[in-house]
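1. A predicted structure for the sequence below; I have some questions about it.
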Amino acid sequence: MNNKVKIAVFPVAGLGTRFLPATKSMPKEMLTVVDRPLIQYAVDEAREAGIEHFVFVTGRNKGVIEDHFDRQFELETTLFERGKTKELKELQKDLPKPGQTSFTRQQEPLGLGHAVWCARDIVGDEPFALLLPDMLIKAEPGVLSQMMGAYNENGGNIIAVEEVDKKDVSSYGVVGRGAGLDEGFIINEMIEKPDPKDAPSNLIISGRYILQPRIFDLLSSHTKGAGGEIQITDAMQALMKEQQFTGVKFKGRTFDCGSKIGFLSANVAYALDREELSEEFRKELAILL
């Protein structure tokens, strides 16, 4: 029987340089899509999938993320006194239970692999989910929930993938597809940012993973890869020699909110999906266009 995945890791130490000057004083993970921060969407997705403990790998000037997942008594009291019960219930609904959150620091920007390694002592000897908040994926059920089905059936390590134009694969980690259906197929190869002619497919890794704790041992060598950073893909390539990797071609739409176009597109898509905003927002878009 596969060990239940109860822990999720969220790397939130990045500098967000593509959104300067906005991110000079505000973490990029706190940028809002409509009225919810990016990090909240990622936590919502994890909670929907049954995650019980949320581990945030932070850096300097990220204290506001910790505050976001804490109670704010003054705000709650003000809402209560003003009769804003709907807003108060929304805040309380989003709040993790006591003891469900942990925060650790990545003191140097050494890459995603290093950020994951920083969570090793909190995660311990358990499988865990890894979610990149920059990659906002609009899906029902959420992508991590879709991946849990494959994990429950196959165990091992699970990677969420999606198709891109073959000419664009050099910007991503790419997997080779073996036997199996979209809901769970064998990954037989993995390569970081390949030349299109060398890519094993046009299936890219999409910022959602379920990983076994052995990955921490492989990351502990701190071997640098592409871009002079410690890459999670390099450690996963090594782990493939020991353990099975399963790919899930999920159903949903990805918005890369690390880019301005992706972030703006996400705001439009999520606003149009909100019943109380959609009609008026469409009118405004028609005027602008």
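-> Thanks, I have the structure now.
2. Doesn't residue 263 lie inside a helix?
-> Yes - counting by DSSP: H, G, I helix; E, B strand; the rest coil, residue 263 is located in a helix.
3. Go ahead and confirm it touches residue 34.
-> No - counting by CB atoms under 8 Å, residue 263 stays clear of residue 34, with 11.6 Å between them. (Each C-beta comes from the backbone N, C-alpha and C, glycine too.)
4. And these two? Which one has more around it.
-> Ranked by neighbour count (other CB atoms under 10 Å), residue 263 and residue 34 place residue 263 first, with 21 against 15.
5. For that one, list the residues it contacts.
-> 19, 31, 33, 255, 257 (CB atoms under 8 Å, 6 or more residues apart in numbering).
6. Could you measure from the nearest residue to residue 262 once chain neighbours are set aside over to residue 24?
-> In space, and not counting its chain neighbours, residue 262 is closest to residue 256: 3.7 Å by CB to CB, 6 or more residues apart in numbering. Separation of residue 256 from residue 24 (CB to CB, to the nearest Å) stands at 21 Å.
7. the more surrounded of these two?
-> For residue 256 versus residue 24, the count of surrounding residues by other CB under 10 Å is larger for residue 256: 18 against 11.
8. hey, what's the more buried one bridged with?
-> Counting by DSSP bridges, residue 256 is bridged to residue 135.
9. Please name the residues that touch it.
-> 134, 135, 262 are the contacts of residue 256 under CB under 8 Å, 6+ apart.
10. What of residue 165?
-> residue 202.
11. measure it to residue 171 for me?
-> In terms of CB to CB, residue 165 sits 11 Å off from residue 171.
12. picking that back up, pLDDT added to the contacts of residue 263, as a markdown table?
-> Shown next, in a markdown table, are those (pLDDT from 0 to 100):
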| residue | pLDDT |
| --- | --- |
| 19 | 88 |
| 31 | 94 |
| 33 | 96 |
| 255 | 96 |
| 257 | 94 |
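13. From the residues you listed, pick the one nearest residue 154.
-> Proximity of the contacts of residue 263 to residue 154 (CB to CB) peaks at residue 255, which lies at 28.1 Å.
14. For that closest one, which non-adjacent residue is closest in space?
-> residue 266 (3.7 Å).
15. For the one you found, which three-state class applies?
-> helix.
16. Could you check how far it is from residue 180?
-> Taking CB to CB, one finds residue 266 at 30 Å from residue 180.
17. So between these two, which is more surrounded?
-> Neighbour tally, residue 266 and residue 180, criterion other CB under 10 Å: the higher count belongs to residue 266, 23 against 16.
18. Would you map the strands across the stretch 1-150 of the chain?
-> 7-11, 32-33, 36-37, 53-58, 101-105, 128-131, 135-138 (DSSP state E, counting those that start in this stretch).
19. As a quick check, tell me the outermost residue of the chain.
-> residue 81 (36.4 Å; CA atoms, centre = their mean).
20. Show me where the stretch 151-289 of the chain has its strands.
-> 157-163, 173-181, 184-192, 203-211, 245-249, 253-256.
21. Nearest to residue 218 among the ones you listed would be which one?
-> strand 203-211 (10.3 Å).
22. tell me the mean pLDDT over that closest one?
-> Averaged across strand 203-211, the pLDDT comes to 94.
23. Kindly reformat the strands of the stretch 1-150 of the chain as JSON lines containing distance to residue 153 and mean neighbour count.
-> Converted to JSON lines, these look like this (distance: least, CB to CB, whole Å; neighbours: other CB atoms under 10 Å):
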{"stretch": "strand 7-11", "distance to residue 153": "20", "mean neighbour count": "25"}
{"stretch": "strand 32-33", "distance to residue 153": "32", "mean neighbour count": "18"}
{"stretch": "strand 36-37", "distance to residue 153": "32", "mean neighbour count": "17"}
{"stretch": "strand 53-58", "distance to residue 153": "23", "mean neighbour count": "22"}
{"stretch": "strand 101-105", "distance to residue 153": "29", "mean neighbour count": "16"}
{"stretch": "strand 128-131", "distance to residue 153": "16", "mean neighbour count": "25"}
{"stretch": "strand 135-138", "distance to residue 153": "21", "mean neighbour count": "21"}
